[in-house]
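Novice: Show me the folded form of this:
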Amino acid sequence: MVDTAPQTNKKNGMARSARRYSREIATQVLYAWLVGQNDLASLDAQIMDNQNYANADRAFLKALLHGAVEQADELRNIFSPFIDRELHILSPVEHAILLVGCYELKNRLDVPYRVVINEAVEIAKLYGGSDGFRYINGVLDKVAGVIRQSESTPPASTPSTTQ
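Specialist: Residues are numbered from 1 along each chain as shown. Presented below is the predicted three-dimensional model:
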C-alpha cells in the first residue's frame, strides 16, 4: 500500500504528494535513460532502488515512465515546435521533464493541465538549471494550448441581450 500522506520537502517546506514523488522519480529515471540509453527493464530496476519509491504512487509512476519511453518520439513531435533549440542540444533534465509533462497532458486527462504544468515547473526548479523552470513553463503552456485546447481556452462569453 502506498502512503498517500503528503511528505514535506526539506528544501522549500511544501508538501509533496505520492504523485509528486512519482513525477520526480520518472524524471530522474528518464534522465538516466536519455544519457545512458538503458533499456526499460533496467529502468524498472532503477525505480525500485530510488530512496523515495516507497512514497510514490507506483501505478502512476509506472504509467508515466513506460508511457514516456514508449511514446517518446510522438511526445517529442508534440513539444519540438515549441522549443527554441534543436532536440540534441536540449538539456537532458529539461528533455526528461518535457517527456513526463507531455505524456501527462496527452494521456492523463484526469489531471488538470494547470496541475501538470505546475508539477513540471516545480520539478524543474529542483533539478534543472537556474531558469529552466521558466523554459518548461513556456513550452508546456504552448503544448497544453494544442493538446488541451478545450480545457486551456476560456469558454466564449455569451452575448448579453439588451432590451
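
Novice: which residue packs closest to the residue sitting nearest the centre point of the chain, ignoring adjacent ones?
Specialist: Taking Cα atoms, centre = their mean, the centroid of the chain lies closest to Gly101, which sits 2.8 Å from it. Computed as Cβ to Cβ, 6 or more residues apart in numbering, the closest residue to Gly101 that is not its neighbour in sequence is Ala120, at 4.0 Å. The way it works is simple: take the backbone N, C-alpha and C, and place the C-beta from them, glycine included.

Novice: What about Leu109, how many residues nearby?
Specialist: Residues within reach of Leu109, counting by other Cβ atoms under 10 Å, total 12.

Novice: try the one 10 residues further on
Specialist: Taking other Cβ under 10 Å as the criterion, the count of residues near Glu119 is 23.

Novice: ok, it - contacts?
Specialist: 19-20, 23, 101, 104 (Cβ atoms under 8 Å, 6 or more residues apart in numbering).

Novice: cutoff 10 Å now
Specialist: 17, 19-20, 22-24, 27, 97, 100-101, 104, 111, 140 (Cβ atoms under 10 Å, 6 or more residues apart in numbering).

Novice: need the contact list for the residue nearest to Gly101.
Specialist: If a contact means Cβ under 10 Å, 6+ apart, then Ala120 has 23, 27, 94, 97-98, 100-102, 104-105, 128, 133, 136-137, 139-140 as its contacts.

Novice: again, but for Ser80
Specialist: 86-87, 90, 98, 139 are the contacts of Ser80 under Cβ under 10 Å, 6+ apart.

Novice: quick one: the residue nearest to Gly101 from Leu34, how far?
Specialist: Distance, Ala120 to Leu34, using Cβ to Cβ, to the nearest Å: 16 Å.

Novice: and if you look at Asn77?
Specialist: In this view, Asn77 and Leu34 are 16 Å apart by Cβ to Cβ.

Novice: Neighbour count for the two, which is higher?
Specialist: Legend: neighbour count by other Cβ under 10 Å for Asn77 and Leu34, higher for Leu34 (17 against 11).

Novice: what are the phi and psi angles of the more buried one?
Specialist: Dihedral pair for Leu34: phi -70, psi -40, per degrees, to the nearest 10.

Novice: Identify the residue nearest it in space, chain neighbours excluded?
Specialist: In space, and not counting its chain neighbours, Leu34 is closest to Pro92: 4.6 Å by Cβ to Cβ, 6+ apart.
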